[in-house]
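Peer 1: requesting a structural model of the entry that follows:
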Amino acid sequence: MKSVADLSRTIVSIAIAAVLIVGIGSLTLAQDKGRVKDPNEKKKKEELKSVYKKWLEEDVSYIITDEERKAFKTLKTDEERDQFIEQFWLRRDPDPDTPENEYKEEYYQRIQYANEKFSSGIPGWRTDRGRIYVKFGKPDEIESHPSGGSYDRPSYEGGGSTTTYPFETWWYRYIEGVGSDVEIEFVDPSGSGEYRIAQSPNEKDALLYTPNGGLTLAEQLGMSSKADRINSPFGTTAGGAMFGSRAKDQPFERLALLADLNRAPSIKFPDLQVKADLPEIATDILPFSVRTDFFRMSSESHFDHSDLSFKNQGGIYSGQVNIYARLTGLSGRRAGNFEDTVQTARYGEEQLKEGQAQRSIYQKNLALPPGRYKLDVVARDTVSGKTGILHHSFEVPRYQEKALATSTLILAASVEPLDNKSIPAGQFIIGRYKVKPYVSGVYKPGQNLALFLQVYDAEMDQSTLQPALRVEYSVSKGGQELFHAVEDGKTKMGIIDMKGQQLVVARAIPLLNNLAEPGSYTVTAKITDLVSQKVVSPQAQYTVVSK
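Peer 2: As a prediction, this is how the structure comes out:
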């Protein structure tokens, strides 16, 4: 079982992993330039392209949703398409914790069965019976009349006797997304073996257009005309069924059933989860940032209000963003997901302009064991419908027991000590402090660069029974140190909190003078354990832009 200490340091900064991804991409390009050109490369690309086309138009044509189809067509690279296909099946996996995808295996078995049983000049999966079988599986009951012939109608079809074409009636007890007591009739009027879905029970009647042939009871008694039945596209008329017809045989119910059968089967995840599988697409235009840290299981994201649409309700303006995020491990197994809503503050008419210049921050705490993960985040502005997608990978480090270590060096917007009498709870609460992260890491001259981190497993000074630390901060640009300070915990700009089990250090550095020049900077917190003489130096990068 994982200890609490292990789980409290689980999420590392995405920025490092993002740099690695870029590096890998650059290496691939360099290798491409140096290799000998394959004379069959164009043909291979065309064959590969045809594979994806076949997957879309044949393999999954019945089960892919309209949104998934549209998204797949926007993908630009084979890597993106491979990722999409992998996630397509994962969304339908009934048990993602097993190595097998039972749905995918059964689906391809259905296609094979349909091709063996329902072929009739065209592949079995293309026939109506094949389509229904591939989408919904084996029916609970089948009534088969492979040769047609004499047929006594049930009362709800009007009674009487007639002669039919070959037909089958499939019955499903329940189909998710369609309903219960689903009855589908297939008729082969040509005798070729190609059965087609019937919209009306009259389609199987071989004597429908034969005068005085195959009459219903009502027609025999002169209570109804055969012409009424012929002119009714969805079944017998009210007069044609003397004892009444079933509710599911009514025209609108039949139309609704046909429409439901034509739709792709429902999947377990809503549309935002489908979007989580996609690469960042230009049409998804809601900008937002994500930062992850191995710091008390924290993960934060922020939204600039200038990118949101505000809804006016009685003169009060507010915005709302729906968030879906999913974590997957290196093996492809899901490690967790969550959905939440970010609600902006409410602004009056006179405050709206000021409110649009603000930003909202969201934080989610997650416990993860060591390993590499991928984080997919989808955010949607509920007012405008704008959607943004971010994909990141990160690695949760494995800590050695009794080894000096720290959390991520947090770039914070503010650090506030909490009242010791209150029980800390809610977002941004880390121990006895409320730490609001500065997710973007982009500052303007004059702002404070607020830093926060925890120190783990510092050794005790036996004379004081307290840890003994030396804390130094430095800021450099282009390898040149521009700022250096030793923290003593006695000024208003810094904190060294060694109370209890949590060791906290924090500092505010004003971005003035040489620290206010536009550019990229590196800030380092050097922590020296004066007892063990061990040193750790966590770093963070930030950027200064002109006002």
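Peer 1: point out where the stretch 401-547 of the chain drops to low pLDDT.
Peer 2: For the stretch 401-547 of the chain, the stretches with pLDDT under 70 are 401, 419-427, 488-492, 498-502.
Peer 1: same thing but at 80, please
Peer 2: 401-402, 417-432, 439-440, 465, 488-502, 547 (pLDDT under 80).
Peer 1: quick one: the strands in the stretch 251-400 of the chain?
Peer 2: In the stretch 251-400 of the chain, the strands defined using DSSP state E, counting those that start in this stretch lie at 289-292, 298-304, 311-313, 316-318, 320-329, 334-343, 359-365, 371-381, 387-396.
Peer 1: would you format these as CSV with distance to residue 261, mean pLDDT and mean neighbour count included?
Peer 2: (C-beta placed from N, C-alpha, C; glycine too.) CSV is the format used below for those (distance: least, C-beta to C-beta, whole Å; pLDDT from 0 to 100; neighbours: other C-beta atoms under 10 Å):
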stretch, distance to residue 261, mean pLDDT, mean neighbour count
strand 289-292, 41, 62, 22
strand 298-304, 41, 51, 22
strand 311-313, 38, 76, 11
strand 316-318, 42, 78, 17
strand 320-329, 29, 79, 20
strand 334-343, 30, 74, 14
strand 359-365, 40, 71, 18
strand 371-381, 30, 80, 21
strand 387-396, 30, 76, 20
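Peer 1: closest to residue 481 out of these?
Peer 2: Ranking the strands of the stretch 251-400 of the chain by proximity to residue 481 (C-beta to C-beta) places strand 289-292 first, at 25.4 Å.
Peer 1: that older thread, in CSV, list the strands of the stretch 251-400 of the chain along with distance to residue 447.
Peer 2: Converted to CSV, the strands of the stretch 251-400 of the chain look like this (distance: least, C-beta to C-beta, whole Å):
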stretch, distance to residue 447
strand 289-292, 17
strand 298-304, 15
strand 311-313, 31
strand 316-318, 27
strand 320-329, 25
strand 334-343, 23
strand 359-365, 14
strand 371-381, 25
strand 387-396, 25
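Peer 1: closest one to residue 416 among those?
Peer 2: Comparing these by C-beta to C-beta, strand 359-365 comes nearest, at 14.1 Å.
Peer 1: of all the strands of the stretch 251-400 of the chain, which one is nearest residue 144?
Peer 2: Of the strands of the stretch 251-400 of the chain, nearest to residue 144 by C-beta to C-beta is strand 334-343, at 42.2 Å.
Peer 1: the inter-axis angle of that closest one versus strand 371-381?
Peer 2: Counting by axes from the mean of the first three to the mean of the last three C-alpha atoms, to 10 degrees, strand 334-343 lies at 30 degrees to strand 371-381.
Peer 1: where along the stretch 1-150 of the chain do the helices fall?
Peer 2: Taking DSSP state H, counting those that start in this stretch as the criterion, the stretch 1-150 of the chain contains helices spanning 4-7, 14-34, 41-54, 66-74, 78-91, 102-117, 128-136.
Peer 1: mind showing which ranges of the stretch 151-300 of the chain have poor pLDDT?
Peer 2: Within the stretch 151-300 of the chain, the stretches with pLDDT under 80 are 231-245, 251, 266-300.
Peer 1: this completes my enquiry, with thanks.
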